[in-house]
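Undergrad: Sharing a sequence plus its predicted fold:
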Amino acid sequence: MDDLDYILALKALKDIPFGVGKKLLIDFLKGEPNNESIKRNNLSAKESFGSLAYDKDELSSMIDNLLLNNLIQQTSVKGNRFWKVYGLSAKGEKEIESPALYKKRLSYNFRETPTKITLQDKKIFSMFGEFLSKYNDEQKKSIISNGNNILCIAGAGSGKTTVLTKRIEFLIKYRSIDPSKILAITFTRKARKEMMKHLGESDVMIETFNSFCEKILRRNNNTAYNRQVTVISYGDKIRMVNKALSSLGSSIEKATNIYFSFAQKRGKTDEQLANIFLNDCFFVRDYLKFKNKKLDAGSFDIIDEKHEKSARMVLGVCNYIEACMKRDGLRDFADQLIDTLDLFEKRKDLIPEFTHLLVDEYQDVNSTQIRLLDLLAPVNLFCVGDPRQSIYGWRGSDIKYILNFEEKYPDAEIITLTKNYRSTKHIVDLINKSIRNMRLADLESSIEGDKDIRLLKFDSESAESEFIIQAVLNSRLPRNEIFVLARTNRQLNELSQKMKLRNIKHVVRSDEMKRSVLAKESDVTLATVHSIKGLEAELVFVIGCNTNNFPCRGSEHPVIEMIKVDEYDKEEEERRLFYVAMSRAKKSLYMTYNGKATMFMTDDLLTQSKEKKIAIEPKKEKFNLSKSNNAVTRLKEWRSSLSRELGLPAYMIMHDRTMIDIGVRMPMSMADLESIYGLGPAKIMKYGDDILKVIGG
């Protein structure tokens, strides 16, 4: 498809004077004169009629992309909420006037070039003997290059963190760089810990963006602030939001009822809804602060009258939070960066001097982090990243910084790592094909191995879950070599609950929280794709590979959409997310779904992954489900009563997951309560007797 053809689809929606179904829109774009609606409404006379010569599948995919990127919207027909029609959104109107979506696509912005290894390079490599012996030529070049500004494009499983760590070792050992003049920035505490472990006792500063800023602010508290300021805790956030709502004459229960639609509430607990609302309020505050905008309606990109009440409520909470944090001397993650930038801007003498700055996961940086790197202004900058794995556009990361690296640094040296040391050749071939339209160099695998890739179709989500459970129970692999990946927290939570009822030990890593459930190090991991990035396992299940999840149909809350100017193509980012999920697998990759397979599974991929339909008979449970459910129902009633009595949100008394665990285990004594998920000594002392009485009936 041509880059700007989607504009013709938007113009067609502007031309048609009424809401239109997908079939009619496709026929209109194709120029089908025999469509009854086209004949009846004389639509063939419209300028956009027959403007796109593509087949139905291609046009359907284009329409889905426009919907995903909020350029068109779906509404229900009056009197029939199941009949959806398409119309142009306010954002779509702006796109017609000033096209921008096509410029956000990776294929438009980037052409990857292979790295040249010269005879001179090989001579230099040989001089380092054992130090470089186990690395490939491209890795060697990354480790020892003398360039001032280097970008290392490192594909999945190509050893990017290893290269970054080895380069630090090289700088200290062979170039005699003072370790205290080296700063390495990574995105996760896990990667930071691994690098520190590898480098041992060293004065090299290895930080995340936030830990670096926090150290600067603590060291210069009196210069940055006029009082002592500390990091806000999660408990502080809960109390602050509750007080904010109280000042607005509301409560968390009322707020979630206004904020969420019936569909948005479906499948979520009161605790989860309260948590999402809290996170959204802090997101709005942080986002507007990052963009240097005011906390008022004038900062909204688009005004949606339907959600004006929710927007006013969120802004009220945000303004209360802002005032409260200033009054109480608190900062959060956004403040750590913004306050550090403010400090450096007014006191340049406080900016630490580093001769070498190394940045991991460069594809995930945002504009504020780039400002910090610019202020640090090192002579030598080494960045490692992979455009294929840029999956955080939704929280402000901007892929343009890695794509436009050469534009910013004309003298830049670009080194590409394409050898994958994680997955078998079959899996690497599959993931290459999944993102071919992004025009990036293919990865190469040196691991042959048996082909064990499957796409499995089920009649229902429960049958799909049952297959996963049986496969995990029957697998001979160590449990920590099994990942179950889901696109959404909902899928993850539902599968986790089913596993708990079977007493299958597992670790949950979700977008909302990363914590263990009945967990030990050797347990199977369940995770969302976003939270598992950078990890790998022998056997990976990717569940829910259907049209609802890849790309994910669940959009952000309309209030969030009203303040965000999307700087990325959502469909392309969702395709990259699918790539990240598949590329976690070392030897075996099982993709499961019910309904219709994701459009990311092209005919080519379907052939390669041997699609098969499977019928599953659920196993009978080994516990008394009725007794368990009754206990949970009684616990909920007790919790609601206590919540009203104490004036506390119900989830602060007891998590839903804790109640489920109690229902499964049916503890008989105070000692039994100690093994229940989420019940610490303080809660057992406070509520233990009541809990035992409630479940005893």
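TA: Nice, I can see it.
Undergrad: Show me where the stretch 451-600 of the chain dips below the pLDDT cut-off.
TA: For the stretch 451-600 of the chain, residues meeting the criterion pLDDT under 70 lie at 511-521, 553-556, 558, 564-567.
Undergrad: So in this structure, where's the weakest helix or strand by average pLDDT?
TA: strand 514-517 (a mean of 39; mean pLDDT, DSSP states H and E).
Undergrad: C-terminal to it, which secondary structure element comes first?
TA: Scanning forward in sequence from strand 514-517 by DSSP states H and E, the next helix or strand is strand 524-528.
Undergrad: Measure how far the next helix or strand after that following strand is from the centre of its chain, please.
TA: Sequence order places helix 529-532 as the next helix or strand after strand 524-528, per DSSP H and E. Relative to the mean C-alpha coordinate of its chain, helix 529-532 is positioned 6 Å out (CA atoms, centre = their mean, to the nearest Å).
Undergrad: contact partners of helix 529-532?
TA: Residues outside helix 529-532 that contact it (CB atoms under 8 Å, 6 or more residues apart in numbering): 391-392, 483, 485-487, 509-511, 514, 525, 542, 577-578, 580-581, 584. Quick note: C-beta positions are derived from backbone N, CA and C, even for glycine.
Undergrad: just stretch 39-49 next, same as before
TA: 8, 11-12, 14-16, 18, 28-29, 31, 33, 37-38, 50.
Undergrad: Give me the buried stretch members for that stretch, please.
TA: Across stretch 39-49, burial judged by 16 or more other CB atoms under 10 Å covers 41, 43, 46, 48, 49.
Undergrad: Phi, psi for the last one please.
TA: Meaning residue 49. Main-chain dihedrals, residue 49, degrees, to the nearest 10: phi -60, psi 130.
Undergrad: quick one: it and residue 59, what's the gap?
TA: Look at residue 49 and residue 59: by CB to CB, to the nearest Å, they are 14 Å apart.
Undergrad: Check the contact between residue 184 and residue 166; I expect there is one.
TA: No: shown here, residue 184 and residue 166 do not form a contact pair, counting by CB atoms under 8 Å, at 11.8 Å.
Undergrad: Which one of the two is surrounded by more residues?
TA: Set side by side, residue 184 and residue 166 give different neighbour counts by other CB atoms under 10 Å, the larger being at residue 184 (25 against 22).
Undergrad: sorry, back to before: and the two most separated of the buried residues of stretch 39-49?
TA: 41 and 48 (13.6 Å; CB to CB).
Undergrad: Check the gap between the residue positioned nearest the centre of the chain and residue 395 for me.
TA: In the chain, the residue lying closest to the centroid (CA atoms, centre = their mean) is residue 530, at 3.7 Å. Plainly put, residue 530 is 9 Å away from residue 395 if you go by CB to CB.
Undergrad: What is the neighbour count of residue 51?
TA: Going by other CB under 10 Å, the residues that sit close to residue 51 add up to 18.
Undergrad: ok so, going back, narrow the contacts of helix 529-532 to those in helices?
TA: 577, 578, 580, 581 (DSSP state H).
Undergrad: Now for the nearest residue to the first one once chain neighbours are set aside: which residues touch it?
TA: Leaving aside its chain neighbours, residue 577 sits nearest to residue 391 (4.9 Å; criterion: CB to CB, 6 or more residues apart in numbering). Contacts for residue 391 were tallied using CB under 8 Å, 6+ apart; they are 529, 530, 533, 573, 576, 577, 580.
Undergrad: which pair in those residues spans the largest distance?
TA: Using CB to CB, the pair of the contacts of residue 391 lying farthest apart is 533 and 573, separated by 13.0 Å.
Undergrad: I figured residue 364 was touching residue 397, is that so?
TA: Yes: using CB under 8 Å, residue 364 is in contact with residue 397, at 4.5 Å.
Undergrad: Common neighbours of those two, please.
TA: Residues touching both residue 364 and residue 397 (CB under 8 Å, 6+ apart): residue 390.
Undergrad: Output the contacts of residue 391 in CSV; the columns should cover distance to residue 132.
TA: Listed next are those as CSV, based on distance: CB to CB, whole Å:
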residue, distance to residue 132
529, 34
530, 35
533, 28
573, 36
576, 32
577, 35
580, 29
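Undergrad: Spell out, range by range, the strands that occur in the stretch 51-200 of the chain.
TA: Applying DSSP state E, counting those that start in this stretch to the stretch 51-200 of the chain gives strands spanning 72-77, 80-88, 149-154, 182-186.
Undergrad: just checking, which of these comes out with the lowest mean pLDDT?
TA: If you rank the strands of the stretch 51-200 of the chain by mean pLDDT, strand 80-88 sits at the bottom with a mean of 79.
Undergrad: returning to that earlier point: filter the contacts of helix 529-532 down to the buried ones.
TA: Buried members of these, scored by 16+ other CB under 10 Å, are 391-392, 483, 485-487, 509-510, 525, 542, 577-578, 580-581, 584.
Undergrad: quick check, nearest of those residues to residue 248?
TA: Using CB to CB, residue 510 comes nearest to residue 248 of those, at 29.8 Å.
Undergrad: For residue 481, see how far away that closest one is.
TA: Note on residue 510: its distance to residue 481, by CB to CB, is 20 Å.
Undergrad: circling back: mind telling me the two of the contacts of stretch 39-49 farthest from one another?
TA: Counting by CB to CB, the most remote pair of those is 14 and 33, 20.9 Å apart.
Undergrad: Of those two, which one has the most company?
TA: In terms of neighbours (other CB under 10 Å), residue 14 is the more surrounded of residue 14 and residue 33; the figures are 15 against 11.
Undergrad: ok, the closest residue in space to that one that isn't next to it in sequence - contacts?
TA: Nearest non-adjacent residue to residue 14, counting by CB to CB, 6+ apart: residue 88, 5.5 Å away. Listed by CB under 8 Å, 6+ apart, the contact set of residue 88 reads 10, 13, 14, 71, 72, 73.
Undergrad: which among those residues end up buried?
TA: By neighbour count, with 16+ other CB under 10 Å, these hold 10, 13, 71, 72, 73 as buried.
Undergrad: As a markdown table, those residues with distance to residue 668 would be great.
TA: Below are the buried ones among the contacts of residue 88 laid out as a markdown table (distance: CB to CB, whole Å):
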| residue | distance to residue 668 |
| --- | --- |
| 10 | 64 |
| 13 | 64 |
| 71 | 59 |
| 72 | 58 |
| 73 | 55 |
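Undergrad: and which of these is nearest to residue 207?
TA: Among these, and counting by CB to CB, the member closest to residue 207 is residue 71, at 39.2 Å.
Undergrad: That closest one touches residue 101, doesn't it?
TA: Yes: Residue 71 lies in contact with residue 101 (CB under 8 Å); the separation is 7.0 Å.
Undergrad: Pull up the overlap in contacts between the two.
TA: Residues touching both residue 71 and residue 101 (CB under 8 Å, 6+ apart): 6, 95.
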